[in-house]
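**Q** how would this look folded up:
(2 chains, ligands or ions: 2)
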Amino acid sequence: MGLLALLRKLKSSSEKELRILLLGLDNAGKTTLLKKLAEEDVSHITPTQGFNIKTVQSQGFRLNVWDIGGQRKIRPYWKNYFDNTDILLYVIDSTDRKRFEETGMELNELLEEEKLHGVPLVVFANKQDLATAAPASEIAEGLQLQAIRGRQWHIQACSALTAEGVKDGMQHIVSMMAKKK
Amino acid sequence: MSWSFPREEIHTRIESDLFVFPNTTEYRASPSTGRQPSVIRKDRKREVDMKNIMVDGVKNETVGRIPQQINGQQFVIQNCENCNIYVFDHINTVTVDDCINCNIFLGPIKTSIFIRDCKQCRFVLACQQFRTRDCQKIDVFLCCGTQPIIEASSGMKFGCYQYYYPELEDQFKQAGLSVFNNTWSNIHDFSQDPTEAHFSLLPEDAKVEDYVPDPTSELFKNVHIDHMTSKSVVPLTHGTRRKISDQSCLIVFFHDDYSQSKVWQFIKNMGEEHPELILIQTKEVMMQPPDASRVFRTDTYASAVSQGPVIGLEYNGDNSVQCCQEVLSRTGPAQNTFISQSRDVSASQIENFYNFADMQMAV
Ligand SMILES: Nc1nc2c(ncn2[C@@H]2O[C@H](COP(=O)(O)OP(=O)(O)O)[C@@H](O)[C@H]2O)c(=O)[nH]1
Ligand SMILES: [Mg+2]
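**A** Numbering: from 1, shown residues only, chains lettered A, B, ... in the order given. Ligands and ions are numbered 1, 2, ... in the order given. All right, here's what the predicted structure looks like:
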């Protein structure tokens, strides 16, 4: 089932424009995930210098996904995109143990943002196709996701490259939105 | 909240969950752990797999992998000093962390390479994405399908990838990389500093083997490396260096069964007959009929571009248009190719074609 089909399930909110923010460190796989969500080819991905937006439209329904570069130098600009966010997708390279602490700190700061207060969170534990990938459970524990209060959250093991787990992640997004209504 | 686990290196973790039974061959299922032999075999296999894809903490040694040993898996290099490291195979993705004074050859990388906290290293590598952070004094002979990225790095030097061994061309295909898409010289620096340039290009006559010497150890004796320019699987391009003339010529090969070999034959003939002309850039890209109309300003090539990706070359030098026309006509029948008709139109054709290609490749 594609993104469009999933969105049709959300008929009840048909007039609404959904704003999805896609964040995470550089090289985590955000742009690849964005393209996968839009059912585009993911064999050639350019490192993001600013941001990418993709809008998927269906019967008066708009889904805007904002994919913002994750280099250390440009992370301070993330906050320019926080307004009116409906869902926060946070992507982690599950093989990049060297930066688990760094990605945890960035996520922590996001969760403390006033403008993202109560916004549902889906963490994508990406690159699960690779041999050194940490399991999603280990990442959830390391990030202490179970300590999150005041928002819905979900962690999804996936590979944006092979598409494994991406659909399941979308299903969670959809059901979270349904609950939020 | 941040990360609540103690910071641990990857090898310690892998060892701790793999070396539960240090002597696997003599192991018998232990009632106290309840583990079955099949689980052990799995652990043992995982351990072997992990060791195969990693070079960790090696000092003053020559190590590496030969064709078929990695076969599209990921590869990890960390904590090495004064080493020569060679991976003569295609690889999914690579991280190189905390290395000092190493020479590293890496076969075609399907996704990204990320180099962090490294100093005084020399690389020869091909990849889809090239990224560095917190590095100093790195020389790279690079083939990169997208714009190379550096951040918080300095003393970075880049040259055009040049390499050959018999298995290499097929490894590029396995990794999904085109040898004609190489933006090695068009670096993006995330930490631009108006007072200091963090990167530069290697001298034009820099030789790969002077930076990353060929391996001499027994393990690599069947890898037949050849450094002749005409043998390199990636064409030598001038990149963003200053052009030598204000005249350039665009040659586009439309897709058919022979287009790749026609391109190589043309490059070879140009090198022999007109060594004074230089190949600035190459690009392999899909075009739709409307794109072709816009780029070539005629509908003539609408069906030609529908056959598959086209390969475009830019040659620069005085008289390049005429010289390229002559060589092309001698290389074979001109069908299924486009070449600038005159120097009056060639400049805008090149701009149109490469702008189009760059737009296609961005995002
Ligand atoms: N093996 C593997 N590679 C991935 C996966 N997702 C992304 N990549 C690769 O990781 C690199 C960085 O991805 P990109 O989407 O540019 O990351 P971003 O900086 O977060 O936007 C690219 O070379 C992708 O091909 C994945 O699930 N598995
Ligand atoms: Mg990106």
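**Q** Kindly state the pLDDT recorded for the residue of chain A found nearest chain B?
**A** Nearest residue of chain A to chain B: residue A:104, at 3.5 Å (CB to the nearest CB). Just so you know, the C-beta spots here come from the backbone N, C-alpha and C atoms, and that holds for glycine as well. Residue A:104 is assigned 97 on the pLDDT scale.
**Q** Three-state assignment for it, please.
**A** Here residue A:104 is recorded as helix under DSSP: H, G, I helix; E, B strand; the rest coil.
**Q** how many neighbours does it have?
**A** For residue A:104, the neighbour count with other CB atoms under 10 Å in any protein chain shown is 20.
**Q** Quick check: it touching residue A:142?
**A** Yes - using CB atoms under 8 Å, residue A:104 makes contact with residue A:142 at a distance of 6.5 Å.
**Q** quick one, phi psi at the closest residue to residue B:337 other than its chain neighbours?
**A** Distances taken as CB to CB, 6 or more residues apart in numbering or on different chains place residue B:253 nearest to residue B:337, at 5.4 Å, with adjacent residues excluded. Main-chain dihedrals, residue B:253, degrees, to the nearest 10: phi -100, psi 120.
**Q** who's residue B:253 bridged to?
**A** Residue B:253 has these beta-bridge partners by DSSP bridges: residue B:311, residue B:337.
**Q** any idea how far it lies from chain A?
**A** To chain A, residue B:253 is 20 Å away according to CB to the nearest CB, to the nearest Å.
**Q** show me what contacts that residue?
**A** When contacts are counted by CB atoms under 8 Å, 6 or more residues apart in numbering or on different chains, residue B:253 touches B:259, B:262-263, B:266, B:310-313, B:336-337.
**Q** Which of those ranks first by neighbour count?
**A** Highest count within the contacts of residue B:253 by other CB under 10 Å belongs to residue B:310, 27 neighbours.
**Q** mind listing what's buried in stretch B:180-200?
**A** Residues of stretch B:180-200 classed as buried: B:180-185, B:187-190, B:198-199 (neighbour count, 16 or more other CB atoms under 10 Å in any protein chain shown).
**Q** Report whether that stretch contacts ligand 2.
**A** No - contact of stretch B:180-200 with ligand 2 (CB under 5 Å from the ion) is absent, the minimum separation being 12.4 Å.
**Q** hang on, the earlier thing: of the buried residues of stretch B:180-200, closest to residue B:149?
**A** Within the buried residues of stretch B:180-200, the smallest distance to residue B:149 is 5.4 Å, found for residue B:188 (CB to CB).
**Q** List the beta-bridge partners for the closest one.
**A** With DSSP bridges as the criterion, residue B:188 is bridged to residue B:149.
**Q** so residue B:115, which of the three states?
**A** strand.
**Q** thought it was touching residue B:129?
**A** No - Residue B:115 lies out of contact with residue B:129 (CB under 8 Å); the separation is 11.6 Å.
**Q** Find the centremost residue of chain A, please.
**A** residue A:89 (2.1 Å; CA atoms, centre = their mean).
**Q** With chain B instead?
**A** Relative to the mean C-alpha position of chain B, the nearest C-alpha, by CA atoms, centre = their mean, is the one of residue B:126, at 1.5 Å.
**Q** For residue A:43, see how far away that residue is.
**A** 15 Å (CB to CB, to the nearest Å).
**Q** repeat for residue A:19
**A** 28 Å.
**Q** neighbour-wise, which of the two wins?
**A** Taking neighbours as other CB under 10 Å, residue A:19 and residue A:43 compare with residue A:19 leading, 19 against 14.
**Q** Just the element for the more buried one, please.
**A** For residue A:19, the element it lies in under DSSP states H and E is strand A:17-23.
**Q** Would you mind finding the longest helix in chain B?
**A** Ranked by residue count, the top helix of chain B under DSSP state H comes out as helix B:343-361.
**Q** Now do the buried residues in it.
**A** Neighbour-count burial for helix B:343-361 [16+ other CB under 10 Å]: B:343, B:346, B:349-350, B:352-354, B:356-357, B:361.
**Q** Of the residues you listed, just say which sits nearest to residue A:109.
**A** Closest to residue A:109 out of the buried residues of helix B:343-361 is residue B:361 (33.0 Å), distances taken as CB to CB.
**Q** Can you give me the neighbour number for residue A:111?
**A** 21.
**Q** residue boundaries of the helices in the chain?
**A** Since you didn't name a chain, this refers to chain A. Using DSSP H, the helices of chain A run over A:3-8, A:30-37, A:100-111, A:136-143, A:166-180.
**Q** that answer is for a different chain, and I need it for chain B
**A** Taking DSSP H as the test, the helices found in chain B are B:10-18, B:37-52, B:168-174, B:208-211, B:259-273, B:289-296, B:302-305, B:320-331, B:343-361.
**Q** need the helix or strand of the chain with the lowest average pLDDT.
**A** With no chain named, the answer covers chain A. Of all helical and strand segments in chain A, the minimum by mean pLDDT, DSSP states H and E falls on helix A:3-8, at a mean of 67.
**Q** hmm, I had chain B in mind actually
**A** helix B:10-18 (a mean of 38).
**Q** related to what we said a few turns ago, what's the closest non-adjacent residue to the residue nearest to the centre of chain B?
**A** Nearest non-adjacent residue to residue B:126, counting by CB to CB, 6+ apart: residue B:143, 3.8 Å away.
**Q** Can you name the residues of chain A sitting close to ligand 1?
**A** Applying CB under 6 Å from any ligand atom, we find that chain A lies next to ligand 1 at A:24, A:26-32, A:45, A:47-48, A:70, A:91, A:126-127, A:129-130, A:159-161.
**Q** again, 8 Å this time
**A** Within chain A, the positions adjacent to ligand 1 are A:24-35, A:42-43, A:45-48, A:67, A:69-70, A:91, A:93, A:126-130, A:158-162 by CB under 8 Å from any ligand atom.
**Q** got the contact list for residue 161?
**A** Going with chain A. Shown in contact with residue A:161 (CB under 8 Å, 6+ apart): A:29, A:32, A:42, A:127, A:129, B:111.
**Q** should've been chain B
**A** The neighbourhood of residue B:161, defined by CB under 8 Å, 6+ apart, consists of B:124-126, B:141-143, B:182, B:184, B:232, B:234.
**Q** distance of it from residue B:84?
**A** Distance of residue B:161 to residue B:84, computed by CB to CB: 18 Å.
**Q** So for the closest residue to ligand 2 within the stretch 51-200 of chain B, what pLDDT did the model give?
**A** Residue nearest to ligand 2 within the stretch 51-200 of chain B: residue B:129 (9.3 Å; CB to the ion). Looking at residue B:129, its pLDDT stands at 98.
**Q** next one: the one 3 residues further on
**A** With respect to pLDDT, residue B:132 has a value of 98.
**Q** Was I right to think it contacts residue B:156?
**A** Yes - Residue B:132 lies in contact with residue B:156 (CB under 8 Å); the separation is 6.9 Å.
**Q** Need the residues touching each of those two.
**A** Common neighbours of residue B:132 and residue B:156 (criterion: CB under 8 Å, 6+ apart): B:138, B:150.
**Q** neighbour count winner among the two?
**A** residue B:132 (26 against 21).
**Q** quick one, what contacts the more buried one?
**A** For residue B:132, the contact set (CB under 8 Å, 6+ apart) comprises B:114-116, B:118, B:138, B:149-151, B:153, B:156.
**Q** The same query, at a cut-off of 7 Å, please.
**A** Residues in contact with residue B:132 (CB atoms under 7 Å, 6 or more residues apart in numbering or on different chains) are B:115, B:138, B:150-151, B:153, B:156.
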